[in-house]
Structures are given as C-alpha cells and as structure tokens.
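J.: here's a sequence, model it:
(4 chains)
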Protein chains: 4
Amino acid sequence: MAKKMGVGLVGYKFMGKSHSNAYRQVGHFFPDMPIIPEMTALCGRDEVNVKQAASDMGWKGYETDWKKLVTRKDIGLIDVSTPGDSHASIAIAAAGEGKHVFCEKPLANTLTEARAMAEAVKKNGVVGMVNFNYRRVPAVQLAKRLIQDGRIGKIYHWRAVYLQDWIMDPNFPLVWRLQKDIAGAGTLGDLGAHSIDLARMLVGEIAEVTGMTETFIKKRPLLAGTTGGLGAAASAEMGEVTVDDAALFMTRFANGAVGTFEATRFANGRRNYNSFEINGSKGSIVFNLERMNELQVLFNDDAADVQGFRTILVTEGVHPYMSAWWPAGHIIGWEHTFTHGVYDLMNGIDKGVSPEPTFEDGVRCQAVLDAIEKSASSKQWVNPEY
Amino acid sequence: MAKKMGVGLVGYKFMGKSHSNAYRQVGHFFPDMPIIPEMTALCGRDEVNVKQAASDMGWKGYETDWKKLVTRKDIGLIDVSTPGDSHASIAIAAAGEGKHVFCEKPLANTLTEARAMAEAVKKNGVVGMVNFNYRRVPAVQLAKRLIQDGRIGKIYHWRAVYLQDWIMDPNFPLVWRLQKDIAGAGTLGDLGAHSIDLARMLVGEIAEVTGMTETFIKKRPLLAGTTGGLGAAASAEMGEVTVDDAALFMTRFANGAVGTFEATRFANGRRNYNSFEINGSKGSIVFNLERMNELQVLFNDDAADVQGFRTILVTEGVHPYMSAWWPAGHIIGWEHTFTHGVYDLMNGIDKGVSPEPTFEDGVRCQAVLDAIEKSASSKQWVNPEY
Amino acid sequence: MAKKMGVGLVGYKFMGKSHSNAYRQVGHFFPDMPIIPEMTALCGRDEVNVKQAASDMGWKGYETDWKKLVTRKDIGLIDVSTPGDSHASIAIAAAGEGKHVFCEKPLANTLTEARAMAEAVKKNGVVGMVNFNYRRVPAVQLAKRLIQDGRIGKIYHWRAVYLQDWIMDPNFPLVWRLQKDIAGAGTLGDLGAHSIDLARMLVGEIAEVTGMTETFIKKRPLLAGTTGGLGAAASAEMGEVTVDDAALFMTRFANGAVGTFEATRFANGRRNYNSFEINGSKGSIVFNLERMNELQVLFNDDAADVQGFRTILVTEGVHPYMSAWWPAGHIIGWEHTFTHGVYDLMNGIDKGVSPEPTFEDGVRCQAVLDAIEKSASSKQWVNPEY
Amino acid sequence: MAKKMGVGLVGYKFMGKSHSNAYRQVGHFFPDMPIIPEMTALCGRDEVNVKQAASDMGWKGYETDWKKLVTRKDIGLIDVSTPGDSHASIAIAAAGEGKHVFCEKPLANTLTEARAMAEAVKKNGVVGMVNFNYRRVPAVQLAKRLIQDGRIGKIYHWRAVYLQDWIMDPNFPLVWRLQKDIAGAGTLGDLGAHSIDLARMLVGEIAEVTGMTETFIKKRPLLAGTTGGLGAAASAEMGEVTVDDAALFMTRFANGAVGTFEATRFANGRRNYNSFEINGSKGSIVFNLERMNELQVLFNDDAADVQGFRTILVTEGVHPYMSAWWPAGHIIGWEHTFTHGVYDLMNGIDKGVSPEPTFEDGVRCQAVLDAIEKSASSKQWVNPEY
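T.: Prediction:
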C-alpha cells in the first residue's frame, strides 16, 4: 500500500494550474508510485481567489500565508510556483521546517539566493528538485538515452533556440515577467534557463560564455489588473521594461563541444518554439517542443543510400514514461511534463535522493545565467562561477 | 452551483481508461459546466479486475453486472465502452431506465441494432451521444468552422486515410478486434467509421459507395489470455481472422463532392495516422491525428506570391476548446478529445438535447458501413439505406 | 569516340521545351553516353513559331510537316511530343521509316492505337520508349531498388494521388487538354496515367479496377488563341468540357496488393502533387514530386525506440543518376527527369533494346486507363485487357 | 538582335562545372538577354585536363595560363572560379585589361586583397560581380521583396546556420579547402560568407560582431592526388588542418536587429543546410537551401484563428525568375542560382552597372569575416572596418 504525503502549493496562476493537474493525475497513470501526493493546501495572498482556485483545481484546503503553510504538520512537500523573487524565502523556510521542496525554475533570481537554497536543502537533509519540466518530455529523455548509450558519439555541436512572440505588440502591458525586481530576468531566465538546463543534461557542463541581451520595446503600458497567467489588460500610463526581450549567447562546453543559444519573445509566429539540435560524431538529434511527441534522429552508420533524419513518434511503450499512457500513436500533451516530474519527485522522496535537476543543478544553471548577464554587460567571455 | 449526475461506466480497458480520465478532468478545466459528472460506478464482469480498475481510475464503486448498473438510482448517465456486440443491449436497457447514454463508436455491430438504439433513446426521451471522439479535436472543429463560414467554398474532394500497423506481425494473436462476432468489423468499423463520421460532419451526407475489403493474414495464433487494450500474448493454436485487415472505398456525396477512404492496419510506420484532406473552391484543409494540434489550411484568395498551406498551431484561445487549457503553443494530448466530448455531453444533458454525433448520426454512419460491406461483397455501387 | 544520332522532335510547347533541354544537357553530364543525340530538326505546323522555337531551344533546323521529318536520312530518332491524337500516326510512320521512337505519355488516346504503335516498333525492329518521366526521378528509382532488393518486403498497399489546381477557376478556358478528341482523356490520361505507370513499375501488374470520374465545371469559355503550354486566354463564348476533371479508382494487383488512385485538377493549393505511398511487410515508402529530391522510407527492423520515417535527401553519389550532378545536398530540378530519360534511351538504342517503359508498357497502361473508363461508365469492376 | 560577349573561365572543377552550365543554359531560358555570353575559353594549368573539360562542358577553346587569357581580344568577361588565393591577381589583371569580372566568393582571402580588387574594377570602369549565388534562389529573392515592401515590418532577429557534414570522417584527407594558404579560411569563408552576404542583403549592414572558431580534427591524412571538387583520396602521411571546422558568431546590425550565425562542416546529416530565419514586427520568414523551392512565411495580420507559417512553393510565374522556367509546381535545381546570376550579370554589363553583390559588397563581407577572425582571436566584440 502506497504511503501518502501532503503537498502545499504556493502559487495558483499558470504554474499553479499546471502543478495541480500533475498532482491530480499522476497516481492514475503511475500506479506503482511509492508515495501518493495528497493535495492538502493551496496558498496565495488573496483569500477569495485562492479559495476559488483551490476548489477548481482539487485542493482540500488553502492558506493565505506561506509562512503558515510551511509549518503545517500534514504537509511533507512544499511546491514553490511563485515568481522568482520569493523562491528563496519560501524554499529556505520550508527546508528549515524539514519539508521537501519542489521549486519552479529558474531556482532563484540571483546566484547568491540559489546557493543559499541549495545549502538549505542539503543542511536539512530534505529532497530538493527544480522544475525544469522539459527534461521530462519523453522525446528529450529518449535523446538523453541515445547520448548516454553512445549512439550519437562524441558531441561537437549544441544549437538551441527558445522562441516566443507573445509580447511583440508594443501595447502589451508591463506584466510581472517584464519587471526585473520580480522576474529576475526576461527571456534569459524564463526561456534561456530551460535551454541551459537541457544543454547541461544532454551535453555537459558549460565552461565559458559570451552573451548579449536586447530590449526592443523599452516602455510599455502599466498593467490594469491581471487575470494571472500570461494574459493581461493595459492602462494608459507607461512604465519601463527592465528585463531583456531577447538573449543570445555562445558557449564552450567542458568536453570541447561548442554551443549557440537564443531566447526571445520577438519571433513572430513562434508560439512556444523550444528547439535544439545536437551534432555528434555518430549522429544528430533535433527536438522542437511544438511537436513534442516527435524526435528527429540521424545515424551516420545507416546505409548510405537510405540515410536520413528519422521522425520518431515518441509514443511507444519502449519510450520513456510512455508505457503509462496510451497505445502507440496517441500523443500526450504539454502538461504531462509536470506529471512525469511529480512521479520522479515522489520516487526521489521515497529513496531520500533528490532527483535531477537538483538544487545543485539549479545553482549551476544560475551560475551560467549570471555569467551571461556579466558578459552582456562587460562584452567579455566569462566563466560561470560554479 | 453546478448540479451533479452519477455516471456508470461499462468497460475498463483502453476505452474505459480514456473515459475515466475525461470524467476526472473535465470539471477542472471547464468550470462553467452546468452538470458535474460524478464517477459513481465502474462495471465489468471480473470482480477482482474491475475493483482494482475502479480504484486506480478514481471510481467510487463498481458493479459486475451491467443490468444492475443501469437500474441504480444514483446514476443518470450510462457510458457504454464495451466491444460492439454488447452496445445495443446495454444502451437500450439504459435508455429504458431513463438514463442518458454515451456510447462508444461505431454505434452497433449492425444497422438493425443501431436503429433500435436510436429508437430507444428517442422513445425514452433521453440524451444519446456516440463517441466519435475525433470530432472534438480542436483542429477538426476549426476545420468545421472554416467550412461552415464558407472560407473553403464549395467542396469538391474528400480524401481520408486511417492507417495503423499494430497487427502486421503474422504472429500477433487473434484479439477480439479481429473477431467479427465481437467487433462487428475490422478496420472498417474501427477506423473507417471514424473517417465516415468526420466526412459526414465536414462534407455532408454520403449518397453512394463502392468498396473493397481485404484480409492479408487469414489465420493467427489464438489468444493466451489478455491484458486488455491492444496488447496481447499468443498461444500455439491458430484461428481464423474473420474481419478485414483493410477497407477501401469511394463515395459520391449528396452535394456533388467525391471522396476516397482507406482504413488499414497494414501500413508500416503509421501508428495512428488518421488523416484527411478537403479541397474546396476557395481553399483546402489537411489534418493528421499524429500531429493533432496542427491544421494545414490554404486559401486561394491569398496574394499569388505568398500563397501556400499554412501550418496552424491550434492552441490559441480563439480556437475551439483551447481557452480552457494552456497558453498558446502548449499542446494538448489525445485524451482530451474525450474530455471535450464529456463537456459537450453534460451541456447537452442540461439542455435536454443530444449533442452531435447523436444516435441518429450513429445510425447513418452504420448505414454507410453496411453499404460498404454489401458493395465489397457484390462488387456494385450501393446507396446507404438511411 | 561516341557515335551521334540525329533527332527530330515534333512539338515545341511545354513538352517540346522540356525535351529540347534534355537533348542539350545530357551529354555534358553523362560523358559516357554511347550515342550523342544531335538536335537536327524541330517540327511544328506554324513556320514562324517553329523557326523561332528552334532557334531559342538550340535546334539546327526545323520542319513544318512531320511526314517529311520522319523520312529524313539525317535523323535516327523521332520524338513525339504532341497531344495524344497524333501520337499513333507519327510514331507508326516513324517506325515504318526505321526510326527509333520516343513518345510522350500516355502512349495513345485509345487502346487500339496503342497496340498498333507497339506492333509497329516491334515489326520494324526499332527501339520504342514512352516518356513516363517520373520513373526517372532519382528518388523513384531508389524506391524501385529498395523494393527489388526486398527491403520493403511483400507489398500490401499502394496509395497514389496526383493533385493539381490549375483549372479550378471556372473562367479558365477550354484548352486542348480539356477536349476529348485531342487529349483523349482529362486527368485520367494526363495525371492518372503517371500514377498507373509508377504503380506498375513499383508494385506490379494491375488485375482489376473500379473507377469513377467527375467533371465539376461542365462549360468553359472557348479559347482565344493560345500561348501553348498550360496558360491561355479566354473568349466570351462557352464550350463543353468533354474530359474528366477528376478520376478516382481502386485496384487489385496480380500479386495481392490493393491500391487507391486519385487524379484531379481541383485540389486547391496542390500545384503538382504527384505522391505515392507503399506499405510492405518490412517497411514503407513515401514520395511527393513537389519535394522530388527526397524519399521517405521506414524500415520495421530498425530498433523499436528509434523507428521512424527517414527523410532521405536523394542527392548522394550512391543514388541513381546522382553521381552525374553536384555534391550531396545540391538538389536537381524537375527537368532532369527528361535528361535521365534521354540518357537511358540512347543507351537502349546503342544496345538495340527498348528501355522501360517500353511501348508494351504503354499499352498496358492504356489497357488500365481503358478499363477505368469502362468501369466509370458501367459502375462495375473491370479487368484490363492486356 | 542580341550582342555577344566572349567569356574566359578560370577553373574547371566544381565551380567551373557550375559556371559552364550557366553560360550554356541561360540564353535558352532568358531569350530577352541583351548580351549573349559566348563560351570562348576555359583556363586551367593542366593542359590534358583542361582540354578534356573544355570539350565536356562546351567551351570552344582553352588556355593554360590565365595571364594570357585575360589579354585575349575575343574575351570581354573573365570568370574567376579558382580557390581564393588567386582571386586578387586574376581579377585585378583582368580589370586592368578592361575585362568585366565575375568572381567566386568570398571575394578574396584577405580584406586588403578584396579592397584592391574593388579598387581595380572601379578604376578601370568595368563591371564586377561576386558570385554569392544564394542571393539568386527565387525564394530568397521573394524574401527580399517581402522585406522591401514592408510586409515583414521592422526586423528584430536574423538567425542563420549553414551546416554540412562532408569532412566529419577523421580520415577524410587534407584537401585545399582545409588549408589556410589556399582557401583563406574554413567554414567561415566558405559557408559563413554566404550567410553574411544574405544577412547584408536582407537585414542590412553589420555593425559589430563577436565570434569563435573551432577545429575539431586537427590533423588529417595528406591528399593523394585529387579528383577535384569535394571528393578526394587519402595518403598515409598526416598534415595539419589550418582552417576552422566551425565558426559561430553573433552580430548587432546597424538598424538595431540582432543576429546569430553558425557555419560548420560537423553537423551529421546536414548535407547542405543553408538556412535562415528572419523575425520582424509584422511577420517571419524561414528558408532552407535543401528545400530551396520553398519559402516559409508568416504574417501576423492574418486572422488569429488561421495564422501560421505558410509553405510557399516558389514556382509560380509571379515569383522572381520563375516565369523563365516551367509551370507552377515544377521545381528547379541548385544549378540555376548560377544561371540567374549570369543573366543578371549580362544585363549589368549591358547597362554598365555592376549588379549586386558588387565587389564593394564583397569587400564589406570580407570586412565582417575579418572582424570575426579578430574577435575569435581576441575574444572581444569587433566592429568591421568598412
């Protein structure tokens, strides 16, 4: 009989909705879970809203103060799905109370905070995991497996873009994601962080970076209220955009590979185009989140007359996570990257081992982000301070 | 405050799992639902298995006899997710008890049964809906809207294939889907029925058909037990395959359009390739279930130098059903065709109107299937007996 | 030192331009040719036009009467690139004069004519070849090789469409291709014939057909002069379209495979979409002329986790014909299907063997076309009269 | 009546073959040419080989010394298709003799040489054009037209990769393209130069660059003879690779756009993948040379429910250069980028105006290449010295 563990989730907008769904669903598809998450309490500052959200999303109760949430005895796991400016306080407090911590990405708004968070989970002996959810796309795990098994050979190139277009309209208002004091960074932390995390998982540690950032639209209408998530209404007054609209960087990896990265919210027509290509001595891999159930793979030992990129529909029982779902050819949706994350997290908690990406992974990603910002400012190559 | 209605689901394998998921999820994403389905009882003949399945999939209780299920006072909706040979008995009994009925496709194994079922829901004044779930892919609904709004013009061509490959291995055993007395038909009823239903929705009524069927592998190992769903283990003894492996047919529609259809389980590499193309006087539409979040559309009034098929990522808030889910560019999975179906069904029950595809739609699809079988046998063109 | 052979080409519009280009180019890319074609004379009825065309396209001289052309001593090969109504007279006369004959497809407007033509080349001991040029797309030859080598296994399915859209405008005038007495048939002979020829080459002989045809636009403006080729200007007077706008048919092959075919000029957005898919017991093949330098191939003995359609860029030196051209990745154009045809033809003439597709292949294609027309009229399955 | 002009072509391997083909073909497809190029003499150092090549490729005569070639009275245009180390001497000498000059790209091996060449054509009043042939892909010209007409809006992003894989095998020998003293640079000059030229044409002048280069395989077998072109045979002795295997760089354009570039010969499976994406305020454009007859375009003023990248088959009469070729849907090959170049060149000579890309364009591209090399060495951002 599976054990149960109470979960307290802080945040109920876009990420809160995604995490709630994962907790609700995971047990029905992964019946071998050693610990079942119980949806104990949802936490947010506005009581009316959080109460309604808790009811809509299947939570038993709610809290309006995270400081109270982290002390509740019926909760073993704190899920931090807030903007980056509150990650450190909540996560450190939770760890201090002996709670395991599942934290949205990037781990923090600064490298210093990230390090303190990693230290906190370590010191308190709790499990910590950062939700770089794209690690858990089955196609991405398949890519990892192919690389680990040597089927791609020595890696020469990493090439990643994460392209969106939702703020291209100059009248789109100044939401929190465009404010440095809340979001920490713009595309760099929001999108670039995902690409860095994937690069670290698939290629290896980044040794050196050079980067540039750009804010194309420098002033925007202030926000007139918010519906949460990405949508928003504009007011007549203008405010300054304090984060980057685009971040571009190049890297050298410790293993000799070279990489290019680009994150932007100004790529018209690219709704959520998180894509990477890896070129190795034995083959190549291409992934694109907008077709996340597919992986393109080339092997250069295929016969010369029939060599070409294979479009693999990653929906077979032999593919990572997929035996839990539907028959081959029946695709899964974006939300299940979270479901897979919760499944791995609960297994990690059961074993007392932080699943990847750990808080230490979060720190290393933050060190790269930090190095890129320094490079963008100094116009020099910078070594991340791991 | 939303009303609630108890649901009794018969069947707990592949379709049972899909339907259960829809009932669990629908309320969390469509908070405006007028009637919330309650997962009252799951029904199956093997008590050990059905009890376990009920627990895994979130049902409050279970039954081992559908005749008892359909009489329960706490149930207002009977969901028939069994093989085709029991659809008619269950659905007619349920309607006779005043229950609304949600029935898997095709509606029945014969046209006679289908008519009796349609008559039963009509006579008893209950809502009946057939689960041709591919109507509720958002991209398919978008196609429907474009056609209804006249943006494709007069339709000349319908071209559909539904290709799979899961029984190509001659050692794949004789599962129920390969036995006429249970399944009613092979690819024709399983896959072809979906294409016919989509054609009826998007193009119009089929006036005339000519068809052919083929069974490539005529004998297969008998089944040694089953794990349900599509997978299965083989025994040493052989039995006869009594359904078609492939069904091909051509049609004339009442409105003058012409159509081609092909359904097969012998298309290597095509896992679940349910695809159609529509050519009209103003444009064309292409859909493929393996990329179900996309729709290809061409408009011939686009400027000549930039005319081409558009690849539309059907994930915008303006797209059918999609405002319920995630931000643009975040795709949904196959299972939500069921979620959308339950949403529409509950709305239909609330209004006392059977949502499309109604049992009458199910009868008409069955009449086409019947005409194709007759044509395949007589080698003549046949008019469906509506 | 290569021998030389004078060529006389009848027709100087679209096909004449394509054939002329092939004769001009072939020697420069295939220096091993045993017989070099000399561009001796171009033939057409309008002296002013044919003289200009001869000059533009690189012909040494011209003729205005094909009956004279076929008797010229300095000509060894007659190329018949006229509409179908004159194929038989020219080809039979040329063969009677001991000339080799290269004839545009389909071989003739009737099966009787086609048989007489095949008889003529046989009786006179000359080489005859029909220009079903799509046989000589390198990707199509690669498909053929894969099938011959058994890499696709036993073939179950053939699925072909040839889709165009150039006459969808009801005001497009009544060009010769829309007149039965000149063109013989509409899409059936123009497009469907290509698909039939490819099916015969790749799958095998067609045993039985059922077909239907449709003319969506039954009257069109009469032609006000012509610029040749496909373009044309309309007059105010209307005339009757006497050929099909679309032809759909299904087949059983002698080897047990089943096939579907569709040819239409009413598929909006499909400019020249000549596509086929083959499903065999070991793999599948997909081709599309609009991306003619590519072939999609799936092998079901690829490892289960990396199985998927390969997109092969058919530009390698190991690919058919491609060592003559550019380095890998540098694509060739549509016109070189003709260049390859001339290359094979000159080799055939050198060896005294008619290259495929021979006039006998032309007859068999014609027999299938004939059977389809009979079926479309009788609404019965028909066996081609080989 | 068109004038004629004698051409002298230096170089007869891969580029020589491509240029020869263009001169042979151009007049047959562009009958409005004001000056017809005559294939007067081919020039190469090895008499046996150059004589054979001249014969194979349709040249009237040959020379073994370019110094003699440039003085011939019957020649008005010198075509420099040699490796980069001889571009400057030949071009400057030719200009000094009053000959027009068509020069392969990049213009020279150094910025100093390039400037001297531009000065030479200017001083002597002759036409000079650099053969960045990818400007003349019809799809690329269509992209240019869309941008010029404002249909893409203000450009924010340029994103280019030029990926190949032909030297990934460590045993591939040390051909001239891998030797700095002959080739000038590796991928940077060979592939990166193309991307820079396209960026300059489509986006604008590059203001600032930061770059890195890498040589993955540092020693290779010396060459045992050569068959020219890209293929080669290896000897047992090893030599040092003195050029880059990959070059990566980021740019700021003068107009505020930002760009990323990557050129490599180590991208397994990418045969000739010259691709770019442009994101502007009104739309986006994507091009890929391996599908050079297509252009992907998105317009953000398309209706929200049908917005998506259009796949435009750039084969219509309204598309740049395409009215010269075949009916819509009939694709052209890579070689015709050269045909189009010669057509524009002859028009430029007729008008006395150097067509783009002029030698001045060649200089500016060279200045960017130079800046990238400096940046790769200094690890600083560098401003090109225009």
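
J.: tell me which element A:V26 falls in.
T.: helix A:14-29 (DSSP states H and E).

J.: does that helix reach chain B?
T.: Yes - using CB under 8 Å from any CB of the partner chain, helix A:14-29 reaches chain B at A:F14, A:S18, A:S20, A:N21, A:R24, A:Q25, A:H28. (Glycine included, C-beta is placed from N, CA and C.)

J.: out of the residues you listed, grab the one that's most surrounded.
T.: Of all the residues of helix A:14-29 next to chain B, the most densely surrounded is A:S20 (26 neighbours; neighbours counted as other CB atoms under 10 Å in any protein chain shown).

J.: contact partners for it?
T.: By CB atoms under 8 Å, 6 or more residues apart in numbering or on different chains, the contact list for A:S20 reads A:L9, A:Y12, A:M39, A:L42, A:M57, A:G58, A:W59, B:H28.

J.: turn these into a markdown table, including secondary structure.
T.: Listed next are the contacts of A:S20 as a markdown table, based on DSSP: H, G, I helix; E, B strand; the rest coil:
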| residue | secondary structure |
| --- | --- |
| A:L9 | strand |
| A:Y12 | coil |
| A:M39 | strand |
| A:L42 | strand |
| A:M57 | helix |
| A:G58 | coil |
| A:W59 | coil |
| B:H28 | helix |
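
J.: and which of these is nearest chain D?
T.: Nearest to chain D among the contacts of A:S20: B:H28, at 25.3 Å, using CB to the nearest CB.

J.: what sits against the closest one?
T.: A:S20, A:N21, A:R24, A:D56, A:M57, A:G58.

J.: any idea how far chain C is from it?
T.: If you measure B:H28 against chain C using CB to the nearest CB, to the nearest Å, the figure is 33 Å.

J.: repeat that for A:V175.
T.: A:V175 sits 39 Å away from chain C, going by CB to the nearest CB.

J.: and that residue, its phi and psi?
T.: A:V175 adopts backbone torsions of phi -70, psi 170, taken as degrees, to the nearest 10.

J.: residues in a beta bridge with A:I78, which ones?
T.: A:G8, A:V101 (DSSP bridges).

J.: wait, it sits on A:M5?
T.: No - A:I78 sits out of contact with A:M5 when judged by CB atoms under 8 Å, with a separation of 11.1 Å.

J.: those two: which has the busier surroundings?
T.: A:I78 (27 against 19).

J.: so what pLDDT did that one get?
T.: Looking at A:I78, its pLDDT reads 98.

J.: and it, what does it touch?
T.: A:V7, A:G8, A:V10, A:L69, A:V70, A:I90, A:A91, A:A94, A:K99, A:H100, A:V101, A:F102.

J.: out of the residues you listed, which comes closest to chain B?
T.: Ranked by distance to chain B (CB to the nearest CB), those are led by A:V7 at 16.1 Å.

J.: burial measure for the closest one, as a count.
T.: A:V7 - counted by other CB under 10 Å - has 26 other residues nearby.

J.: and it, how far from C:T260?
T.: According to CB to CB, to the nearest Å, A:V7 and C:T260 sit 54 Å apart.

J.: next: A:Q141.
T.: Distance, A:Q141 to C:T260, by CB to CB: 38 Å.

J.: likewise A:R220?
T.: Distance, A:R220 to C:T260, by CB to CB: 55 Å.

J.: comparing those two, which residue is more hemmed in?
T.: C:T260 (24 against 20).

J.: the host helix or strand of the more buried one vs strand B:258-264, what angle?
T.: Using DSSP H and E, C:T260 sits in strand C:258-264. If you take axes from the mean of the first three to the mean of the last three CA atoms, to 10 degrees, strand C:258-264 sits at 150 degrees to strand B:258-264.

J.: could you tell me the end-to-end distance of stretch A:55-64?
T.: The first residue of stretch A:55-64 is 14 Å away from its last residue (CA to CA, to the nearest Å).

J.: so how far is that stretch from its chain's centroid?
T.: Centre-to-centre, stretch A:55-64 and its host chain are 24 Å apart (CA atoms, centre = their mean, to the nearest Å).

J.: next one: stretch A:70-87
T.: Taking mean C-alpha positions (CA atoms, centre = their mean), stretch A:70-87 and its chain are 17 Å apart.

J.: tell me the buried residues in that stretch?
T.: Neighbour-count burial for stretch A:70-87 flags A:70, A:72, A:75-87 (criterion: 16 or more other CB atoms under 10 Å in any protein chain shown).

J.: from the contact counts, what lies against the longest helix along chain A?
T.: Longest helix in chain A, counting residues (DSSP state H): helix A:359-378. With contacts taken as 3 or more CB pairs under 8 Å, 6 or more residues apart in numbering or on different chains; DSSP states H and E, helix A:359-378 sits against strand A:100-104, helix A:111-123, strand A:128-131, helix A:193-202, strand A:206-214, strand A:246-253.

J.: just send the ones you listed back as CSV, with mean neighbour count too.
T.: Output for these, formatted as CSV (neighbours: other CB atoms under 10 Å in any protein chain shown):
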stretch, mean neighbour count
strand A:100-104, 27
helix A:111-123, 20
strand A:128-131, 29
helix A:193-202, 24
strand A:206-214, 23
strand A:246-253, 26
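
J.: and the gap between the residue of chain A positioned farthest from its centre and A:D197?
T.: Going by CA atoms, centre = their mean, the residue of chain A most distant from its centre is A:D305, 40.0 Å out. Using CB to CB, we find A:D305 at a distance of 39 Å from A:D197.

J.: what pairs with the strand or helix carrying A:I36, parallel or antiparallel?
T.: Element membership of A:I36, judged by DSSP H and E, is strand A:35-43. Here strand A:35-43 is paired, per DSSP bridges, with strand A:3-10 (parallel), strand A:61-63 (parallel).

J.: which intervals of chain A have sub-threshold pLDDT?
T.: A:1, A:225-232 (pLDDT under 70).

J.: 50 instead?
T.: Residue ranges of chain A with pLDDT under 50: none are present.

J.: centre-most residue in chain A?
T.: A:F132 (2.6 Å).

J.: for that residue, give me phi and psi.
T.: Dihedral pair for A:F132: phi -80, psi 90, per degrees, to the nearest 10.

J.: A:W158 now?
T.: Taking degrees, to the nearest 10, you get phi -120, psi 140 for the backbone angles of A:W158.
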